[in-house]
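Engineer: what's the 3D shape of this:
(one chain, ligands or ions: 1)
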Amino acid sequence: MNKSLRNAVIAGNWKMNNTRVETTALINELAPLVKGADCEVVVCVPFTNLQTAVELAKGTNIKVGAQNCHFEKNGAYTGEISADMLVEMGVEYVVIGHSERRQYFAETNVTVNKRTKAAIASGLKVLLCVGEMLEDREQGITDELVALQTKIGLLDIDKADLDKIIIAYEPVWAIGTGKTATAEQANEVCTMIRNTVAKIYDQAAADAMTIQYGGSMNAANADELLAKPDVDGGLIGGASLKAADFTAIINAASK
Ligand code: 13P
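Structural biologist: You can find the predicted model right below:
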């Protein structure tokens, strides 16, 4: 399938960065720079900035995402935020299963799957993160591990709901380290993920799925990564915090 038929999505994952004042400044700077973008532009901001981001993004082509949501609809889950709460605010996307949540907050493939199902049931689009640690790559188990994360992440999800899911391949060793996967390494795993989706569903479903790469993507390497046939976009950390750098990546995806 021609890659250009898939939706290219460039999403910024701000992580735990930016106050509301900084959010206002960054979105106001970004909006005019990306208004001609020929790809989906998303900023995933901390919970406390969502309202501000949603208001500022109105009338622009910037979509707003959260960085997590809980899998229950409501209840005694102190400190958690439900998918319905996000939808009510006008949030459209949510990052699920980021490696930092898996590493530091005991997220598992099973909870990632539960959160993904809850998010799509509420009408959110999910950026479902998968990716291996350095030792996994060194042990030669990247494909098995990422296929497992993909399979469990998508467990019991209907084919009809796949258009609400974007898979983000983020090798953990490339996140925030300045060590980008080579374009070939990124494409290889994105192809493997697509083949895994084809096995679970069918080739048409796999061909239609947007698969992003994330991990030290920046203005200098975005062109090469995004030119690869199975890399349909990027999930950007550090470089999404600077309007000019994020715009350069968006421009690379718009080519
Ligand atoms: P960096 O772009 O800072 O490496 O972060 C990638 C990431 O984790 C996006 O979710």
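Engineer: closest point of the stretch 151-255 of the chain to the ligand, which residue?
Structural biologist: Here the residue of the stretch 151-255 of the chain nearest the ligand is residue 237; by C-beta to the nearest ligand atom that distance is 2.3 Å. Placement of C-beta: from N, CA and C, glycine included.
Engineer: could you report the pLDDT at that residue?
Structural biologist: Here the pLDDT value assigned to residue 237 is 98.
Engineer: what residues are up against it?
Structural biologist: Neighbouring residues of residue 237 by C-beta atoms under 8 Å, 6 or more residues apart in numbering: 12-13, 15, 175-176, 214, 216.
Engineer: just the buried ones from those residues, in PyMOL syntax?
Structural biologist: In PyMOL syntax, the buried subset of the contacts of residue 237 is picked out as below (16 or more other C-beta atoms under 10 Å):
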select buried, resi 12+13+15+175+214+216
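Engineer: now, which of the contacts of residue 237 sits nearest residue 32?
Structural biologist: Set against residue 32, the nearest of the contacts of residue 237 by C-beta to C-beta is residue 12 (16.3 Å).
Engineer: can you name the residues bridging to the closest one?
Structural biologist: residue 43, residue 236 (DSSP bridges).
Engineer: which residues touch it?
Structural biologist: Per C-beta under 8 Å, 6+ apart, neighbours of residue 12: 42-44, 236-237, 240-241, 246.
Engineer: looking at those residues, which two lie furthest apart in space?
Structural biologist: It's 42 and 241 that sit farthest apart of the contacts of residue 12, by C-beta to C-beta, at 14.4 Å.
Engineer: what does the stretch 1-150 of the chain have sitting close to the ligand?
Structural biologist: 13, 98 (C-beta under 6 Å from any ligand atom).
Engineer: chain neighbours aside, what residue packs nearest to whichever residue of the stretch 1-150 of the chain sits closest to the ligand?
Structural biologist: Here the stretch 1-150 of the chain gets closest to the ligand at one residue, residue 13, 3.5 Å apart by C-beta to the nearest ligand atom. Spatial nearest neighbour of residue 13, excluding adjacent residues (C-beta to C-beta, 6 or more residues apart in numbering): residue 44 at 4.9 Å.
Engineer: can you get me a residue count around the one you found?
Structural biologist: 26 (other C-beta atoms under 10 Å).
Engineer: looking at it, it is touching residue 66, isn't it?
Structural biologist: Yes. The pair residue 44 / residue 66 is scored as a contact, 6.4 Å apart, by C-beta atoms under 8 Å.
Engineer: what residues do those two have in common as contacts?
Structural biologist: In contact with both residue 44 and residue 66: 93-95, using C-beta under 8 Å, 6+ apart.
Engineer: what separates the residue nearest to the spatial centre of the chain from residue 84, distance-wise?
Structural biologist: Central residue of the chain (C-alpha atoms, centre = their mean): residue 127, 3.7 Å from the mean position. Distance, residue 127 to residue 84, by C-beta to C-beta, to the nearest Å: 19 Å.
Engineer: repeat that for residue 38.
Structural biologist: Applying C-beta to C-beta, the value for residue 38 to residue 84 is 32 Å.
Engineer: ok, these two, which is more surrounded?
Structural biologist: A side-by-side neighbour count of residue 38 and residue 84, using other C-beta under 10 Å, places residue 84 first with 16 against 11.
Engineer: just to be sure, the more buried one is in a helix?
Structural biologist: Yes. Secondary structure of residue 84 (DSSP: H, G, I helix; E, B strand; the rest coil): part of a helix.
Engineer: that one contacts residue 73, correct?
Structural biologist: Yes. Counting by C-beta under 8 Å, residue 73 is a contact partner of residue 84 at 6.4 Å.
Engineer: ok, and the closest non-adjacent residue to residue 209?
Structural biologist: Residue 209 sits nearest to residue 197 (C-beta to C-beta, 6+ apart), 5.5 Å away.
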